[in-house]
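S.K.: Would you be able to build a 3D model of this:
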Amino acid sequence: MASAAFAHEPCASPSPGHREAFAALKSSLSAEALAAPRQLPPDAVIPTAIPALDRALGGGLPRGALVAFEGNAGRWSIVARVVAAVTRRALVAIVDDGALYPPGLARAGARLDRVLIAPATTPLGVARTVDILLRTRACRVVLLLCAPELRAAVWMRLARLAQRAGVLLVAIASRVDAALATATALRIECTIARLCVDGSRGLWCTLSGYDVHVRVHKQRGGFVAEPLRVAVR
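M.R.: The predicted structure is shown next:
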């Protein structure tokens, strides 16, 4: 069989002008991605009922994903709004370690007749309870009031179950550890930005709420957002 020889010309190195044009294009695309997050289809997200946060998230919290809320304040207030919005038309399951105060949830607008409370106090009990709830696919949202310390493999398995079921799995923690961070599709940190009071400051003032800085630390296929200020009253 005859063989043919091919001569290859050496690849020319890019000129300074080409390198500058490529750098400018890369910078513009990165800026565009940060300024205009990818908008997800309406049926793929669950809105938080906070317009600024929903815009930053491309519509809301992704269904079929594990989402973690962390920080020192405002986490539960934001999640309570999500629960209130979802219970208007669907069921929410809350895995309770004893810290749940249903009247406070009702004041946020949630329909308690559409909230399933599943008590669990040990890490193993929480993992088993979440596993069962996700497999039933009966609830639109499964919420862990206090994320337990679980192995990364367990969190990954629960995240896969949430994806298959199309259920939003929300874990609340003061700090997200490495095992939980590995499995999350989205991490949201909440910190106090400003306290709001009624009346003059001092002995006779009353706390009316606070402003919260919300930062998106991780979003698969998305971006890291600048801090947003959210009013919590």
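S.K.: what does the model give residue 192 for pLDDT?
M.R.: Note for residue 192: predicted pLDDT of 78.
S.K.: C-alpha coordinates for stretch 158-166, PDB please?
M.R.: What follows is stretch 158-166, C-alpha atoms only, in PDB (Å, rounded to 0.1, in the frame of the first residue of the first chain):
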ATOM      1  CA  LEU A 158     -29.900  12.700  48.800                       C
ATOM      2  CA  ALA A 159     -29.100  15.300  46.100                       C
ATOM      3  CA  ARG A 160     -29.500  12.600  43.400                       C
ATOM      4  CA  LEU A 161     -32.800  11.500  44.900                       C
ATOM      5  CA  ALA A 162     -34.000  15.100  44.900                       C
ATOM      6  CA  GLN A 163     -33.000  15.500  41.200                       C
ATOM      7  CA  ARG A 164     -34.900  12.300  40.200                       C
ATOM      8  CA  ALA A 165     -38.000  13.300  42.100                       C
ATOM      9  CA  GLY A 166     -37.900  17.000  40.900                       C
END
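S.K.: Need the residues that contact that stretch.
M.R.: 63-66, 127, 130-131, 134-135, 137, 142, 168-169, 183-185 (Cβ atoms under 8 Å, 6 or more residues apart in numbering). In short, each C-beta sits where N, CA and C put it, glycine included.
S.K.: And the buried ones among these, selectable in PyMOL?
M.R.: To isolate the buried members of the contacts of stretch 158-166 in PyMOL, using 16 or more other Cβ atoms under 10 Å:
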select buried, resi 63+64+65+66+127+130+134+142+168+169+183+184+185
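S.K.: Tell me the helix or strand right after whatever helix or strand residue 81 lives in.
M.R.: Assigned by DSSP states H and E, residue 81 belongs to helix 75-86. Where DSSP H and E defines the elements, the next helix or strand beyond helix 75-86 is strand 92-96.
S.K.: Can you show me the CA trace of that following strand as CSV?
M.R.: The C-alpha coordinates for strand 92-96 follow below in CSV (Å, rounded to 0.1, in the frame of the first residue of the first chain):
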residue,chain,number,x,y,z
VAL,A,92,-44.1,21.1,51.9
ALA,A,93,-42.3,18.7,54.3
ILE,A,94,-40.2,20.0,57.2
VAL,A,95,-37.8,17.7,59.0
ASP,A,96,-38.0,19.1,62.5
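S.K.: Begin at 704, not 1, for the rest of this chat.
M.R.: Fine by me, first position is 704 from now on; the one you just mentioned is strand 795-799.
S.K.: Go through stretch 758-778 and flag the buried ones.
M.R.: Buried residues in stretch 758-778 (16+ other Cβ under 10 Å): 759-774, 776-778.
S.K.: Filter these down to just the ones in helices.
M.R.: 759, 778 (DSSP state H).
S.K.: Among the buried residues of stretch 758-778, which ones are in strands?
M.R.: Among the buried residues of stretch 758-778, DSSP state E puts 764, 765, 769, 770, 771, 772, 773, 774 in strands.
S.K.: Am I right that the fourth one is in contact with residue 889?
M.R.: Yes - in terms of Cβ atoms under 8 Å, residue 770 counts as a neighbour of residue 889; the distance is 4.5 Å.
S.K.: Can you check which residues contact both of those two?
M.R.: residue 764.
S.K.: Closest one of the contacts of stretch 861-869 to residue 817?
M.R.: Here the nearest of these to residue 817, counting by Cβ to Cβ, is residue 845; it sits at 13.6 Å.
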